[in-house]
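Visitor: attaching a predicted model along with its sequence, questions to come.
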Amino acid sequence: MKFMKLGSKPDAFQTDGDNIRYVAAELASDVVVIVGEVKFYLHKFPLLSKSACLQKLLADTNEENNDEVHIHDIPGGPVAFEMCAKFCYGMVVTLNPYNVLAARCAAEYLEMYETVEKGNLVYKIEVFLNSSIFRSWKDSIIVLQSTESLLPWSEELKVVSHCLDSISTKATMDTSMVEWSYTYNRKKLPSENGNESHWNGVRKQQMVPKDWWVEDLCDLQLDLYKRVISSIITKGNVSGPVIGEALSAYASRRLPGFNKGVIQGDDFVKNRLLLETIVHLLPADIGSVSCRFLLKLLKAAILLECEVFERSELMRRIGQCLEEATVVEAAMFNVDTVQRLVEEFVKHKQHAWTESLLEEEPQEIRSPKMVSDLSDKVKVAKLVDGYLAEIARDPNLPLFDFVNLAELVSSFPRPTHDGLYRAIDMYLKEHSGISKSERKSICRLMDCRKLSAEACMHAVQNERLPLRVVVQVLFFEQLKATSSGGNSTPDLPGSIRAMLPAGSHESSRSTTTNTEEEWDAVGTSEDIQTLKGELTTLKLTSGATQSSDKNSSNDGKGNTENVAATKSKGFQMSKKLFSKIWSSKERNGEITSSDTSESPASTIIEETKSTPSRSRRQSVS
């Protein structure tokens, strides 16, 4: 911290109570200067020799035969006036970053210029500010903080603008030229703790991070902080991510509870203004601000009831990086908000795709971007599946909201539909009273071909699913087991084929119109278990055949015949079983087994146990 001493005489100011100040001297005081509620008993000659303002005031009092001078509006109040008075007497005055601005403003008020006397107070303070204060990072921040209580004087004297320029210039300078002594809100370096590291006896040069100044500026009040950041952005030497980091640090420091997704404190208007200011300062570059920070801002904006513009802008920005979000972060918002975020994501990708088509670049150059877009869509689809599974636990969640959000990402690529299946299963579990048509609409969201082996095993025992879905799951599992390269559908009865996706290649959402009976068909548990056993046998037989092919190339023809025979036998058995399941739709038996739809893992364990009491599968559609 910089400081400057003025004068050489000892301090002779004395105090008599709280509101009386006088100078201990042989000569009696001949003037009383009243500043606010404090009376200063002083002498005319030292004051008149340096202050043009006091010359005028004392001239007026002499005409009125009055020795009292009233000063009510001097910036800095009695403390600042006392420093100016001590300077007039030649007493020692110590100026530092905390009091220099008050002394400068008071000196300006009292007109202590060079025209009155050479080396006057205004000149000396200006030299101190320009030669020391504005060259120091720490002192510039301290002085800038003091300007708020001295407005409009600090603005008119250009102290604010000088501080802003000093701070922004240092924040934008090359980090190789930055010394750690510039900053003070930081942890000590190893060298300061006596643990400085060396390399072969040579002192290591400390690496200064690009955001070294971020924490220091958090001490500033909102208006000054906004002006500093704007000045830094205008200079253009600081990257967007560093600006984003600065805004994140400021929000965390100034908004209590911000990092926890809540806003604490009673000053609702102040917090809202702060949040809106941060939103307006966000860098325009995509990726300059993390999705996590944007989601926290959006949550705070909703809680603080910010204007539509701020919330819309945040949603637009989040849509540009939604693939970075997690299910836990998304779960902070209601369905409408998440749906809007997904819509913004889709809009952003469509706009980016249109721009890429307009570029006159070879397809090979655009390929990495196309791959990145597909990867982002996979992540967002996974995010939505996880979010749906979370909100499905809400018994008051309308099916319309669930289906609408799921359909937004229905065209997005997914490695599997396991996440969507879990969400659907959770919704069916928590909303057991939904109608048959509602059950159909939610089950059509899922493509049975894209379920993993675990999910399939879980689905065939899930009594909340319509039989149609179970038949599709079993069919595609059999098709995988018996026809590794084929795409044809086995020769099944027309009624069973109607329960399968058209051509066995389309999603279960693209089926033709079905009758109520096709959805409400009921099959026995024994039929389903038998077909599952058959699938397992076919898979084991196929695996053994492939292993035999690798070990003995001479028996290739025999193995091929075995595989063909196994497939033929499997199709015939499946045809009988599917027909048996379909014919049982007239029966109304009940299944008495326990609920096995909690998780795929629990289903696998359950399968190893015998279930003699489970005689039928009840339709829940």
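Guide: Right, received. Where do you want to start?
Visitor: wait, a helix at Val473?
Guide: Yes - membership of Val473 in a helix is supported by DSSP: H, G, I helix; E, B strand; the rest coil.
Visitor: and it, how far from Leu479?
Guide: 11 Å (C-beta to C-beta, to the nearest Å). Any C-beta I mention is one placed from the backbone N, CA and C, and that applies to glycine too.
Visitor: neighbour count for these two, which is higher?
Guide: Just comparing Val473 and Leu479: by other C-beta atoms under 10 Å the higher neighbour count belongs to Val473, 25 against 22.
Visitor: residues near Ile167, how many?
Guide: The number of residues near Ile167, taken as other C-beta under 10 Å, comes to 25.
Visitor: packing partners for the helix or strand hosting it?
Guide: For Ile167, the host element (DSSP states H and E) is helix 159-171. Here helix 159-171 touches helix 137-146, helix 222-235, going by 3 or more C-beta pairs under 8 Å, 6 or more residues apart in numbering; DSSP states H and E.
Visitor: just for the stretch 1-150 of the chain, where's the confidence low?
Guide: 62-66 (pLDDT under 70).
Visitor: make it 90
Guide: 1-3, 7-8, 10-19, 21, 23-31, 36-37, 44-45, 57-69, 72 (pLDDT under 90).
Visitor: quick one, helices of it?
Guide: Taking DSSP state H, counting those that start in this stretch as the criterion, the stretch 1-150 of the chain contains helices spanning 44-48, 52-63, 77-89, 100-109, 121-131, 137-146.
Visitor: can you mark which positions in the third one are buried?
Guide: Okay, so that is helix 77-89. 77-78, 80-89 (16 or more other C-beta atoms under 10 Å).
Visitor: same check on the first one?
Guide: Along helix 44-48, the positions that meet the burial threshold by neighbour count (16+ other C-beta under 10 Å) are 44, 46-48.
Visitor: only alpha carbons, please: show the helix holding Ile167 as PDB.
Guide: Output in PDB follows, covering the C-alpha atoms of helix 159-171 (Å, rounded to 0.1, in the frame of the first residue of the first chain):
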ATOM      1  CA  VAL A 159     -10.900   9.900 -10.400                       C
ATOM      2  CA  VAL A 160     -13.400   7.200 -11.300                       C
ATOM      3  CA  SER A 161     -12.300   7.100 -14.900                       C
ATOM      4  CA  HIS A 162      -8.600   7.000 -13.900                       C
ATOM      5  CA  CYS A 163      -9.200   4.100 -11.600                       C
ATOM      6  CA  LEU A 164     -11.300   2.200 -14.200                       C
ATOM      7  CA  ASP A 165      -8.600   2.700 -16.800                       C
ATOM      8  CA  SER A 166      -5.800   1.700 -14.400                       C
ATOM      9  CA  ILE A 167      -7.600  -1.500 -13.300                       C
ATOM     10  CA  SER A 168      -8.700  -2.600 -16.800                       C
ATOM     11  CA  THR A 169      -5.300  -1.900 -18.200                       C
ATOM     12  CA  LYS A 170      -3.600  -4.200 -15.600                       C
ATOM     13  CA  ALA A 171      -6.300  -6.900 -16.000                       C
END
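Visitor: what angle do it and helix 137-146 make?
Guide: If you take axes from the mean of the first three to the mean of the last three C-alpha atoms, to 10 degrees, helix 159-171 sits at 150 degrees to helix 137-146.
Visitor: model confidence over helix 159-171, on average?
Guide: The average pLDDT for helix 159-171 rounds to 95.
Visitor: equivalent analysis for stretch 294-314, please.
Guide: pLDDT averaged over stretch 294-314 gives 93.
Visitor: in that stretch, which residues are buried?
Guide: Quick answer for stretch 294-314 (16+ other C-beta under 10 Å): 294-304, 306, 310-311, 313-314.
Visitor: most widely separated two among those?
Guide: Leu303 and Glu313 (16.7 Å; C-beta to C-beta).
Visitor: any idea how far Leu303 is from Gly265?
Guide: 11 Å.
Visitor: same question but for Phe400, I mixed them up
Guide: Applying C-beta to C-beta to Phe400 and Gly265 gives a distance of 37 Å.
Visitor: and if you look at Glu155?
Guide: Taking C-beta to C-beta, one finds Glu155 at 29 Å from Gly265.
Visitor: now swap in Val35 and tell me
Guide: Counting by C-beta to C-beta - Val35 and Gly265 are separated by 36 Å.
Visitor: out of the two, which sits in the busier spot?
Guide: Using other C-beta under 10 Å as the criterion, Val35 and Gly265 rank with Val35 on top: 23 against 11.
Visitor: pretty sure that one is in contact with Pro78, am I right?
Guide: Yes - using C-beta atoms under 8 Å, Val35 makes contact with Pro78 at a distance of 4.7 Å.
Visitor: Gln461 in helix, strand or coil?
Guide: coil.
Visitor: that one: neighbour count?
Guide: Counted with other C-beta under 10 Å, Gln461 comes out at 24.
Visitor: I'd say Lys210 and Thr175 touch.
Guide: Yes - the criterion here is C-beta under 8 Å, and Lys210 meets it with Thr175 at 6.0 Å.
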